[in-house]
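Peer 1: return a 3D structure for these sequence lines:
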Amino acid sequence: VQLVESGGGLVQPGGSLRLSCAASGFPFSSYAMSWYRQAPGKERELVAAIGSAGIRTKYADSVKGRFTISRDSAKNTVYLQMNSLKPEDTAVYHCYTDVWIGGSPYDYWGQGTQVTVSS
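Peer 2: Predicted coordinates for the structure are as follows:
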């Protein structure tokens, strides 16, 4: 299982970024996917999650109305569209899934992509 994030960078407040997470090594369309973030000195928090069919979604209150999670099963990729970015959105963003192997769940994380919101 491999999760590879991209799309992070430096953006001014009010700007937008789209993060991508390319997945491989497991049946992507069968698993829910999530984005987490961790800011310096803070605990990792769930930002958004999407069900395997791409219909059900969940967002942290702090990003509702600004961020949109989506997935493309043809590309085995999950996206996080981030609009109206704020300085408090600055963090390392990680892609996550848990995959069942041999009757047990295993957690998989990407290496993360840095998002910095600053003027």
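
Peer 1: and the longest strand for the chain?
Peer 2: Assignment by DSSP state E gives strand 91-101 as the longest strand of the chain.

Peer 1: helices or strands up against the next helix or strand after that one?
Peer 2: Downstream of strand 91-101, the first helix or strand assigned by DSSP states H and E is strand 104-109. Secondary-structure packing of strand 104-109 (3 or more Cβ pairs under 8 Å, 6 or more residues apart in numbering; DSSP states H and E): strand 91-101. Just so you know, the C-beta spots here come from the backbone N, C-alpha and C atoms, and that holds for glycine as well.

Peer 1: element containing the most centrally placed residue in the chain?
Peer 2: Residue closest to the mean C-alpha point of the chain, counted by Cα atoms, centre = their mean, is Trp35 at 2.5 Å. Following DSSP H and E, one finds Trp35 within strand 33-38.

Peer 1: who touches that strand?
Peer 2: Residues outside strand 33-38 that contact it (Cβ atoms under 8 Å, 6 or more residues apart in numbering): 19, 21, 23, 44-50, 69, 71, 78, 80, 89, 91-97, 109, 112, 115.

Peer 1: try it again at 7 Å.
Peer 2: 44-50, 69, 71, 78, 80, 91-97 (Cβ atoms under 7 Å, 6 or more residues apart in numbering).

Peer 1: same question, stretch 14-22
Peer 2: Contact partners of stretch 14-22, identified using Cβ under 7 Å, 6+ apart, comprise 3-9, 11, 76-85, 93, 95, 110, 113, 115.

Peer 1: these, buried ones only, as a ChimeraX selection?
Peer 2: To isolate the buried members of the contacts of stretch 14-22 in ChimeraX, using 16 or more other Cβ atoms under 10 Å:
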select :3,5,7,8,11,76,77,78,79,80,82,85,93,95,110,113,115
